[in-house]
Structure formats: C-alpha cells, structure tokens
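In: Sequence and predicted structure are below.
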Amino acid sequence: MTPTDFDAVLTTQAGFRFPVRPAGADDGATIKEFFNHVSKTDLRFRFLSGTPEVSPPQISMLTHPNHTTTESFLVFTEDGATMVATGMLACDDALDHGEVAITIREDHKHKGIGWALLAHIARLAETKGLRVLESVESRENHDAIELERDMGFVARPYPGDSTLVLLSRAINPL
C-alpha cells in the first residue's frame, strides 16, 4: 500500500466535497498557514497543551509520516486552493492500536468534514489490520466526543488525567 492509495474525494452528508490526500515533505508551509486559521481552543484540543502556535517539530511530524505506523492527511476545498482540515493516524509498532487526531479550520466547521475524515481514517486503520482505533480528547471538546460516540466510539476516563477522555472503537476484533 502506497501513500497515494488513500487519495480520495470525500463527500459529506451535507454534500460538501473535498479532496483528501496524505501529507508530504513539501507541505510544511501549507500546514503552517492552515494552523493560522485554527482557533486557540482547537489548537489546545489538538495538541492537548496551551501552545500558542504549532512548532516546527510538530509540523515536521505531520509532513514526515512513515506511512507504516503513521499517516497524516490534508483536506482541501473542492478547488484544492485552501487546506481546511488535517487528520493523523498514529499506530503502535504491532499495528494493533491506532490513535486518531483531527483538526478543522474554524471557518469550515459544521460541514461534516470531521465525520467524513474520521470515516476515511477508520477505513485506513481497518486496512492496516488494527484492532482498535482510539482518540484522546479534552473533556471540554464536546463536539469531538459527540461525533466519535455517534460513530461507535466508547468513552471512558483517561488513566491518570481527569481532564481527558479516552474514546475507542473496535474495528478488527479478534
């Protein structure tokens, strides 16, 4: 399976169409510009810290996935001109569990992008043979928690941190 195997045009339930593709080494400036349009609250939800901006090492992590245990997706407007979301899948070395994280530009929320991108990433996780897909969310991120629950994720307390919730969904049970 190559990175381009997961290029796609996804359509939301509201009819919004957008191309999604794996990130590459040349996407740093595009990703940096994207995060300039993400709210401070959503930055905190994505990185689970109070970082005021995305650092070069964080951008490098998004632009240099190894395509085996990590994959980073970029979502664009239908014309391809503007990046509107990013999603990442990070798996353990055994390809048993994977963690997903999604961020959407403030001006493109509530269009169904999160739902469609999470479904796309879940298909990748299933293709890789993962048994469980997980997401770590701030307890304050009600929209993400609700979306993930709607998609079959089960919420439970995050071990050792009462400010977080661990959501998980079995995808290839034994």
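Out: Cool, the structure landed.

In: Give me the phi and psi angles of the nearest residue to residue 130 once chain neighbours are set aside.
Out: Excluding its sequence neighbours, the residue lying closest to residue 130 (C-beta to C-beta, 6 or more residues apart in numbering) is residue 98, at 4.7 Å. All C-beta spots, glycine's among them, are computed from the backbone N, C-alpha and C. Main-chain dihedrals, residue 98, degrees, to the nearest 10: phi -130, psi 150.

In: Could I get the contacting residues of residue 98?
Out: Shown in contact with residue 98 (C-beta atoms under 8 Å, 6 or more residues apart in numbering): 89, 90, 91, 92, 125, 128, 130, 132, 133, 134.

In: does the fourth one really touch residue 70, like I thought?
Out: No - here residue 92 does not reach residue 70: they are 10.8 Å apart, not a contact under C-beta atoms under 8 Å.

In: Which of these two has more residues huddled nearby?
Out: residue 70 (16 against 12; other C-beta atoms under 10 Å).

In: mind listing what that one touches?
Out: 61, 88, 89, 90, 91.

In: Apply 6 Å and report the result again.
Out: residue 90 (C-beta atoms under 6 Å, 6 or more residues apart in numbering).

In: how close does it sit to residue 18?
Out: Per C-beta to C-beta, to the nearest Å, residue 70 is found 22 Å from residue 18.

In: on that earlier part again, just the buried ones from the contacts of residue 98?
Out: When the contacts of residue 98 are checked for burial by 16 or more other C-beta atoms under 10 Å, the buried set is 89, 90, 91, 125, 128, 130, 132, 133, 134.

In: my read: the first one touches residue 122, true?
Out: No - the pair residue 89 / residue 122 is not scored as a contact, 9.0 Å apart, by C-beta atoms under 6 Å.

In: Any buried residues in the lengthiest helix in the chain, and which?
Out: Taking DSSP state H as the assignment, the helix of the chain that covers the most residues is helix 113-128. Neighbour counts over helix 113-128 (16+ other C-beta under 10 Å) mark 113, 114, 115, 116, 117, 118, 120, 121, 122, 124, 125, 128 as buried.
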